[in-house]
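S.K.: I'll drop the sequence and a predicted model, then ask my questions.
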Amino acid sequence: MRVRRIANRPSVCDSQDLGSKPFALETISTGSFEFDRSLGGGVTLGSVTLIGGEPGIGKSTLLTQFLATAANGGHRCLYVSAEESQPQVAGRISRLGGADSSIGILIANELEDIEEQLLSYKPEIVVVDSIQTVSDSSLASSAGSVNQVRECATRLSDIAKFEGIALLLVGHVTKDGTLAGPRVLEHLVDTVAYFEGDRDSTLRILRVIKHRFGPVGDLGMFEMGDAGLADLENATGVHLVDRVEGQPGSTVFPALDGRRVMLTEVQALVVPTASEQPRRVVTGLEMSRVLLLLAVLEKKIGVRLHNKDVFLSVTGGVRLSDPAADLAVIAAVVSSLVDRPVAPSIVFIGEVGLGGEIRTASNTRQRISEAYRLGFTMGIVGVNFVEDVAGVSTVRVKDVRAALAEASLHFR
């Protein structure tokens, strides 16, 4: 059976008529503060959300927990799986809090079958896991192809908007971490989110890059455990939990990811080289940026590194591309070189120019305020930062040499 595309007959309305009436889109809480935070309050009825992530990272777990919470709250939910069996889906629902709730389960990969059940079952919330495994039998191409993904997503989106269904689509990702399938898929949906994490870590991050019903930038942070995903209570300082204070080569940088500050530890190890070509090993930082900073230290500050191996790492699997981390990287390198630890109460925030000058970073006040909340009382920043943060000694420096002196990192 082929279900025709559902659409309203187009008509013109006056914006003043709409604006004169109170109007609010209805949202459903996910039951998770972090999930709600990233989506601006919850999932909106009549919207389409695309969630991508690596296999096994926890996408199905996240959405199953949401369905269990919504079903327990009286909402009619449907889980459409094109990859698992009915007992597998039912077992996960029971394990993640949906044992006492009624959630519809549909095992199907034909678009026509899914459309028919959406119209007859009349759910409020639908999860399709995954959109790349759904196919339209009228198309000659196989499931997952550009035409199939575009057509299936478009038709499911039409039904969701016409019927007022909150539709959540699970999407596969490519090797470079982007959503597989045509880029038009991101334009068809209302919200695009990536569920990220390191397989060797319990930390999971929900990153929203598009959201038609609110601002983007607030990350949702979770911890994966035996009972599923739990909101991370101390998200800001999670990467500093195992930090050992008083170690040479260790500095702290308040990284800004979206609109959320996370304190990260930058570690450096500088040792004499045994070869003619010194090694530069970098984890979590851009190699080109590190080489630039080492060149600034050599040329402008007089730090001799041509006969030293330099190892740099950002702990916790974090990747930093923010130029504001430059000063923390340089301080870590010099701290290891002179074998002198940085005071544990200091954070470094500043971009380093080719002349060794310190440029003021964006959102410096927000970064310092969050650092103060976690016990840091001194911030070394660019000279053009003019605001003061209560409780924090803000040291403004114009160049790298002055910053190192303020951190008591003296060298010959």
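M.R.: Great, that's in hand. This is a predicted model, so every value here is computed, not measured. Numbering: from 1, shown residues only.
S.K.: what helices or strands is the longest helix anywhere in the chain leaning on?
M.R.: Longest helix in the chain by number of residues (criterion: DSSP state H): helix 146-163. Contacts defined by 3 or more CB pairs under 8 Å, 6 or more residues apart in numbering; DSSP states H and E place helix 146-163 against strand 48-52, helix 111-121, strand 166-171, helix 184-188. Every residue, glycine included, has its C-beta placed from N, CA and C.
S.K.: quick check: mean pLDDT across the third one?
M.R.: The predicted model assigns strand 166-171 a mean pLDDT of 95.
S.K.: Show me the domain layout of this structure.
M.R.: The chain is divided into the following domains under automatic domain parsing: 23-231, 238-406.
S.K.: Among those domains, show the one with the smallest mean pLDDT.
M.R.: Looking across the domains of the chain, the weakest by mean pLDDT turns out to be domain 23-231, at a mean of 90.
S.K.: Quick one: distance of that domain to the chain centre.
M.R.: Taking the mean of its C-alpha atoms, domain 23-231 sits 17 Å from the chain's own mean (CA atoms, centre = their mean, to the nearest Å).
S.K.: and what of stretch 269-276?
M.R.: The answer for stretch 269-276 is 36 Å, by CA atoms, centre = their mean.
S.K.: got a list of what the residue sitting nearest the centre point of the chain touches?
M.R.: Ranked by distance to the mean C-alpha position of the chain (CA atoms, centre = their mean), the top residue is residue 207 at 3.2 Å. Each residue near residue 207 by CB atoms under 8 Å, 6 or more residues apart in numbering is listed here: 38, 193, 194, 195, 196, 219, 257, 258.
S.K.: Which of the residues you listed fall in strands?
M.R.: 193, 194, 195, 196, 257 (DSSP state E).
S.K.: can you give me the strands for the stretch 1-150 of the chain?
M.R.: Ranges of strands within the stretch 1-150 of the chain are 27-28, 43-44, 48-52, 77-81, 103-107, 125-129, based on DSSP state E, counting those that start in this stretch.
S.K.: in terms of contact count, name the helices or strands touching the second one.
M.R.: I take that to be strand 43-44. Against strand 43-44 (3+ CB pairs under 8 Å, 6+ apart) you get strand 27-28, strand 166-171.
S.K.: Now residue 297: phi and psi?
M.R.: Dihedral angles of residue 297 (phi, psi; degrees, to the nearest 10) stand at phi -60, psi -40.
S.K.: Wait, it touches residue 308, no?
M.R.: No. Contact criterion CB atoms under 8 Å: residue 297 and residue 308 do not qualify, at 10.6 Å.
S.K.: more crowded one of the two?
M.R.: Neighbour comparison, residue 297 and residue 308: the larger count goes to residue 297, with 24 against 19 (by other CB atoms under 10 Å).
S.K.: Can you name the residues that contact the more buried one?
M.R.: 303, 305, 330, 333, 334, 400.
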